[in-house]
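Peer 1: Okay, here's the prediction I keep looking at, along with the sequence it came from:
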Amino acid sequence: MQKIAFIVSHPIQYYAPLHRALALRDDVAIKVFFTWHDGSQAQQDHGFGKSVAWDIPLTEGYEYESVPNTARQPGTHHFMGLQNPALVQRVLAWQPDVVHLTGYAYSSHLRALYSFHWRGLPVLFRGDSHLLDGTGFGLRGMLKRALLSTVYRWPAAFLCVGLANRAYYRHFGVPDSKLFDCPHSIETSRFAEPHNELEQAARNWRRELRIKDDQKVVLFAGKFEDKKQPLPLMQAFLACDLPDTLLLLVGDGLLGGQVQDLADRYPARFRVLPFQNQSRMPLVYRLGDILVLPSAYGETWGLAVNEAMACGRPALVSDRVGCHPDVIRPGLNGDVFAVGDWAEFQRKLSLLLSDGWESKQKAIHQWAQNWAIQATAMTLVRAARQISL
């Protein structure tokens, strides 16, 4: 049986189902090493601007260990936020065959990556960076390339979450022989089923929000921060000629006050709901007819798109959203617009709203299964076996 050690900063709602799925397999054994916290207490989320504790289990069903973090300012919002002097020895004591490491942008993780490379213990590196927002070019890109040309020699293999992520590694000199497809994934069943009950509960919630049954709803769900562009989105929506259509914004963040102020000025066009925890998200996506994700930068994937698809909803996303080359298929499950081109956004939104997405709901559900947890588990184990031969 192959032993795979996972190093990750903290329990993450998208990774916990993968860890549980792997723990159920009889051909691998896993242990997760948390380098920030184990989720037992709420932690400050700098994007939401508040402390967040997820209301679904994130540490059940698999073995884990919290490695002491000695950083003066603990957290994943800066490079020195993870300092774990005992990390390498804790992992080695478990005697893994392969180490799965998420991200290099923390001091502790970078040191561990080099240490395992030096010891000859193969590392599967997982990240989701891309070049869609131009960050790999110019002087900054040249400096980054010089750094990563060294760092990216250390992993034995790289797990590519999608086409844009694969292109990123190639740009920084990683050979194709080290690249393995391993899709980003979600717990699709939790969002998809029970379908009829969830749809009815969402209809009831819409009525509580004074949304008419025949009214179209465009949904934005995420952090109210500059990179996700909630305010430009609201202005563009105001300029749309879309009668009986509402923009529903669900979330929280530094721009929350401005979002609410604009919504209060146009109550017939907007509704705002506060941050909703994970157990409510299958209902949140069903409040809308279409998900919009207009991010300008820093949207490495956009798993909200996968979640909306699992709920049978299409998505309209900017071309800076990392998932769009893989996930979005115009005519099936949404469309893509050039970031900042709000005229194109308005035109494509109007077309999608008139497209009758309900008839495509089953096909959207089926397409979403390509990014189910089982697909990620299978490809991850395959890569781990190959690099440890």
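Peer 2: Received it, and whenever you're ready, just let me know what you need. Numbers count the residues shown, from 1 in each chain.

Peer 1: For the residue nearest the centre of the chain, give me the backbone phi and psi.
Peer 2: Centroid-nearest residue in the chain: Leu303, 3.9 Å away (criterion: Cα atoms, centre = their mean). Torsion angles at Leu303 (phi, psi; degrees, to the nearest 10) stand at phi -70, psi -10.

Peer 1: and if you look at Phe34?
Peer 2: Phi and psi for Phe34, reported as degrees, to the nearest 10, are phi -90, psi 130.

Peer 1: For it, which residues are in contact?
Peer 2: Val8, Ser9, His10, Pro11, Tyr64, Glu65, Ser66, Val67 (Cβ atoms under 8 Å, 6 or more residues apart in numbering). To be clear about C-beta, it is placed using only N, CA and C from the backbone, and glycine gets the same treatment.

Peer 1: Assign a three-state SS to the fifth one, would you?
Peer 2: Secondary structure of Tyr64, reduced to three states by DSSP: H, G, I helix; E, B strand; the rest coil: strand.

Peer 1: Please name the residues that touch it.
Peer 2: His19, Lys31, Val32, Phe33, Phe34, Asp38 are the contacts of Tyr64 under Cβ under 8 Å, 6+ apart.

Peer 1: could you measure it against Trp36, distance?
Peer 2: Using Cβ to Cβ, to the nearest Å, one obtains 13 Å as the distance from Tyr64 to Trp36.

Peer 1: go on, the first one?
Peer 2: Taken as Cβ to Cβ, the spacing of Val8 relative to Trp36 amounts to 9 Å.

Peer 1: for the stretch 201-350 of the chain, which spans come out with low pLDDT?
Peer 2: Along the stretch 201-350 of the chain, no part satisfies pLDDT under 70.

Peer 1: re earlier: ok, the contacts of Phe34 vs Ser177, which is closest?
Peer 2: Nearest to Ser177 out of the contacts of Phe34 is Val8 (Cβ to Cβ; 25.8 Å).

Peer 1: give me the number of residues near the spatially closest residue to the closest one that is not a sequence neighbour?
Peer 2: Leaving out its chain neighbours, the residue that sits closest to Val8 by Cβ to Cβ, 6 or more residues apart in numbering is Thr102, at 4.7 Å. Thr102 is flanked by 19 other residues according to other Cβ atoms under 10 Å.

Peer 1: in the sheet, who's paired with Thr102?
Peer 2: Assessed by DSSP bridges, Thr102 has beta-bridge partners Arg126.

Peer 1: residues touching it, list them.
Peer 2: Contacts of Thr102 by Cβ under 8 Å, 6+ apart are Phe6, Ile7, Val8, Ser9, Tyr15, His109, Arg126, Gly127.

Peer 1: which SS state does Ala5 fall under?
Peer 2: Here Ala5 is recorded as strand under three-state DSSP.

Peer 1: List the residues that contact the residue nearest to it when sequence neighbours are not counted.
Peer 2: In space, not counting the residues next to it along the chain, Ala5 is nearest to Pro96; the distance is 3.8 Å by Cβ to Cβ, 6+ apart. Neighbouring residues of Pro96 by Cβ under 8 Å, 6+ apart: Lys3, Ile4, Ala5, Lys31, Leu121.

Peer 1: Recalculate using a threshold of 10 Å.
Peer 2: 2-6, 29-31, 33, 116, 121-122, 384, 388 (Cβ atoms under 10 Å, 6 or more residues apart in numbering).

Peer 1: And it, how far from Leu87?
Peer 2: 13 Å.

Peer 1: Also Ile290?
Peer 2: Ile290 is 44 Å from Leu87, by Cβ to Cβ.

Peer 1: Same check on Arg166?
Peer 2: When Arg166 is compared with Leu87 (using Cβ to Cβ), they lie 28 Å apart.

Peer 1: next one: Thr300
Peer 2: Thr300 is 24 Å from Leu87, by Cβ to Cβ.

Peer 1: try His365
Peer 2: 41 Å.

Peer 1: List the contacts of the nearest residue to Thr76 once chain neighbours are set aside.
Peer 2: The shortest distance from Thr76 to any residue other than its chain neighbours is 5.0 Å, reached at Ser9 (Cβ to Cβ, 6+ apart). Ser9 makes contacts with 34-37, 69, 74-76, 81-82, 102-103, 106, 108-109, as judged by Cβ under 10 Å, 6+ apart.

Peer 1: Repeat that for Phe125.
Peer 2: Neighbour list for Phe125: 99-104, 109, 113, 151-152, 154-159, 169, 174, 178 [criterion: Cβ under 10 Å, 6+ apart].
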